[in-house]
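Trainee: sequence and predicted structure below; questions after.
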Amino acid sequence: MDAALQSRQDPRRSAPKTAGEPGPPPVRLVLSPATSLSDLRRQFSRPLFVLLAMVGVVLLTACANTANLLLARAAARRPEFAMRLALGAGRSRLMRQLLVESVVLAALGGLCGLVVARWTTQMLVAFMSSGRTAVALDLTPNPRILMFTAAVSIATGILFGLAPAWRATRIDLTPALKNVRSSLTRGLRPGRILSIAQLALSLLLLVGAGLFVRSLQNLNGNATDAFRQRVLILRVEPRGSDQRNIPGTTERLDRTYRELIQRAQEIPNVRLASMANGTPTAPTSTAGAGVRMASGENVRVPLLMVYPNYFATIGIPILKGRDFGTGDLTEHAPAVCIVNESFARQVFPGEDPLGKPCYTGRRARLLGAAEGGQAPSEPFTIVGVVQDSRYSNPRGDVRPLIYMTFLQTSTGRGQMVLHVRTTGTPGEVVQRIREQVAAIDPSMPMFDVHTLDEEMGAALVQQRLIALLSSLFGGLALLLACVGLYGLLAFAMVQRIGEMGVRMALGARRVDVVWLVVREAWLLVAIGIVVGVPAALGAARVASSQIAGLLFGLAATDPLTIAAAACSLFVVATLAAYLPARRASRVDPMVALRAE
């Protein structure tokens with residue numbers, strides 16, 4: 001089906017038409033692409049586009065690294081090329097040979113990439129399926145992927161092998177035949193430029209990876225993984241739970257839920273137990289609460305039906321007031337509710353919300369308004385304020401939320417979620433809970449069993465995916481920068497062996513030689529940072545519309561993340577420069593001078 005068809009008709013269309021009255025407006029058809037109906041596409045399309053851009057940067061970094069190594073190799077083969085040119089070989093023939101070598105190298109890299117891709121695509125699908133819904137995707141490389149990979153490999157091999165081949169064949173024969181090292185050293189200047197470009201691209205990827213990782217940390221909140229792993233969540237649905245309009249059904253369900261909570265708390269290794277009509281990451285019920293904000297706007301605020309000890313079970317602190325008690329669980333008890341910080345801040349700014357009326361649920365209409373001019377029903381009184389929790393909306397701003405007891409709300413459906421906080425591994429108590437559920441009602445199903453940590457992981461699967469892959473790309477770019485810088489410095493030290501011998505013969509210490517090489521590496525990194533930081537800031541502004549929804553709690557131009565990426569480059573540059581510097585510092589001056 002290529003398109004989804006939606007029709008909207010004016011209700012007056014069915015009314016009889018009087019004389020002189022214009023006819024009803026025609027039916028309006030709204031067409032939308034069928035691809036827009038996929039939740040998977042909506043969830044992962046934007047992160048994957050961002051990751052595709054990062055893959056392009058990684059490819060540029062790898063190509064710059066390869067071109068740098070080809071330049072160094074061409075500089076080392078200058079005497080060979082000079083000899084062949086002197087014997088009559090054509091320049092075009094040498095260029096063809098170098099281009100063939102470059103294309104073969106790129107083709108081998110493409111083949112290795114396909115092998116790795118076939119293995120990693122299955123891991124990617126498994127990672128995307130870690131949410132509440134399994135993902136079925138066939139990511140096996142097809143002929144189009146193979147053709148695209150072959151085209152990219154050949155194009156990069158030619159493009160980034162052309163400059164080294166062109167430079168390698170432009171030789172002054174006399175110095176080259178004499179194997180003059182100064183000419184070889186001058187041949188490394190383009191390599192330094194490529195290293196700077198490579199470091200700048202690596203900084204760009206490191207900044208992106210740092211932003212996504214820090215955003216994921218902010219979304220995870222303050223709760224530790226160990227705490228969330230000890231909270232067990234499971235759904236139960238007693239018979240008739242979807243027929244609460246039948247008299248006595250609500251009271252029967254309430255007795256069932258209370259008995260289940262009591263039996264769960266008596267199980268060994270269970271510390272607390274409570275129930276709610278939703279999971280922590282999806283607390284919204286079908287019936288919201290009508291509330292008038294301080295600005296005068298009437299809004300629908302999500303509400304959650306809970307039992308006592310719910311907040312202590314999932315780790316939400318009570319900041320003011322009290323929790324629900326057994327006296328609040330009856331239908332005729334005084335109407336009370338608990339709100340979160342966002343609700344108190346938006347509805348009662350600058351005031352203490354405790355004891356304030358909160359009109360909501362079936363007992364009242366919008367605050368300050370009555371339906372049909374009648375006086376509002378008994379209001380709900382706020383008895384507690386709990387801390388804002390990232391559970392309610394893990395990927396966005398914390399929304400106002402109201403908590404009420406089961407019998408004092410009317411949400412239509414009786415399916416509830418049991419929350420159990422254990423002292424050990426939750427898997428040890430699952431079977432005991434199943435036994436208690438069967439003892440209460442053998443026909444009551446128990447399903448969707450998982451921990452709070454798995455709940456958060458499923459809600460943040462998009463952020464986890466982009467944080468993981470961006471970290472891998474950033475680490476790969478950092479490794480390529482390290483290898484490229486090491487190769488450049490190692491080859492430079494071989495060409496400068498005579499200079500190092502002279503320095504040490506004139507009294508230079510080994511530490512002076514090491515510092516000389518490390519300082520040169522730091523200079524390249526500093527220039528790369530100077531180039532890379534404006535590029536990162538510019539990329540952040542250009543891609544702000546794409547990454548705005550993927551970042552939480554920090555801006556795309558976060559200075560701490562940029563500083564951490566720059567420090568990482570300096571550390572890697574120091575490691576890459578240490579081995580060539582150490583090798584250069586151990587040169588025997590007499591041997592070096594004889595070689596020169």
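Mentor: Perfect, thanks for sending it. Numbering: from 1, shown residues only.
Trainee: strands along the stretch 451-596 of the chain, start to end?
Mentor: Applying DSSP state E, counting those that start in this stretch to the stretch 451-596 of the chain gives no strands.
Trainee: grab the most central residue of the chain for me.
Mentor: residue 463 (2.7 Å; C-alpha atoms, centre = their mean).
Trainee: who touches that one in this structure?
Mentor: Counting by C-beta atoms under 8 Å, 6 or more residues apart in numbering, residue 463 makes contact with 212, 215, 216, 219, 395, 550, 552. C-beta coordinates here come from the backbone N, C-alpha and C atoms, glycine included.
Trainee: roughly how far apart are the nearest residue to residue 232 once chain neighbours are set aside and residue 432?
Mentor: Spatial nearest neighbour of residue 232, excluding adjacent residues (C-beta to C-beta, 6 or more residues apart in numbering): residue 426 at 3.9 Å. For residue 426, the distance to residue 432 equals 11 Å [C-beta to C-beta, to the nearest Å].
Trainee: check which helix or strand covers the closest residue in space to residue 536 that isn't next to it in sequence.
Mentor: Of all residues not flanking residue 536 in the chain, residue 207 sits nearest, at 4.7 Å (C-beta to C-beta, 6+ apart). Assigned by DSSP states H and E, residue 207 falls within helix 189-220.
Trainee: go through that helix and flag the buried ones.
Mentor: 190-192, 194-216, 219-220 (16 or more other C-beta atoms under 10 Å).
Trainee: how far out from the middle of the chain is it?
Mentor: Its chain's average C-alpha position is 16 Å from that of helix 189-220, according to C-alpha atoms, centre = their mean, to the nearest Å.
Trainee: from the rest of the structure, what touches the next helix or strand after that helix?
Mentor: Later in the chain than helix 189-220, the nearest helix or strand by DSSP H and E is helix 225-229. Residues from elsewhere that reach helix 225-229 (C-beta under 8 Å, 6+ apart): 315, 426, 451, 452, 453, 455, 456.
Trainee: switch to 7 Å and redo it
Mentor: Residues from elsewhere that reach helix 225-229 (C-beta atoms under 7 Å, 6 or more residues apart in numbering): 315, 451, 452, 453, 456.
Trainee: now it - C-alpha only, CSV.
Mentor: As requested, C-alpha coordinates have been extracted for helix 225-229 and formatted as CSV (Å, rounded to 0.1, in the frame of the first residue of the first chain):
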residue,chain,number,x,y,z
ASP,A,225,21.9,1.0,37.5
ALA,A,226,22.3,-1.3,40.5
PHE,A,227,19.1,0.3,42.1
ARG,A,228,17.1,0.0,38.9
GLN,A,229,18.1,-3.6,38.4
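Trainee: list the buried residues in it.
Mentor: So, applying 16+ other C-beta under 10 Å, buried residues of helix 225-229: residue 228.
Trainee: just the pLDDT for residue 162.
Mentor: For residue 162, the pLDDT comes out at 81.
Trainee: in three-state terms, label it for me.
Mentor: helix (DSSP: H, G, I helix; E, B strand; the rest coil).
Trainee: if I pick it, what's in contact with it?
Mentor: Neighbours of residue 162 in contact, by C-beta under 7 Å, 6+ apart: residue 99.
Trainee: one more: the one 3 residues further on?
Mentor: Shown in contact with residue 165 (C-beta under 7 Å, 6+ apart): 95, 98, 99.
Trainee: what about it, which helix or strand?
Mentor: Counting by DSSP H and E, residue 165 is found in helix 143-168.
Trainee: same question, residue 346
Mentor: helix 341-347.
Trainee: before we move on, back to that, of residue 426 and residue 432, give the one with the bigger neighbour count.
Mentor: Neighbour comparison, residue 426 and residue 432: the larger count goes to residue 426, with 24 against 17 (by other C-beta atoms under 10 Å).
Trainee: pretty sure the more buried one sits against residue 450.
Mentor: No. Residue 426 is not in contact with residue 450 according to C-beta atoms under 7 Å; the separation is 8.9 Å.
Trainee: correct me if wrong: residue 574 contacts residue 520.
Mentor: No. Residue 574 sits out of contact with residue 520 when judged by C-beta under 7 Å, with a separation of 11.6 Å.
Trainee: higher neighbour count, those two?
Mentor: residue 520 (20 against 14).
Trainee: from residue 352, how far off is the residue lying closest to residue 531 once chain neighbours are set aside?
Mentor: Spatial nearest neighbour of residue 531, chain neighbours left out: residue 200 (4.3 Å); criterion: C-beta to C-beta, 6+ apart. As judged by C-beta to C-beta, residue 200 and residue 352 stand 54 Å apart.
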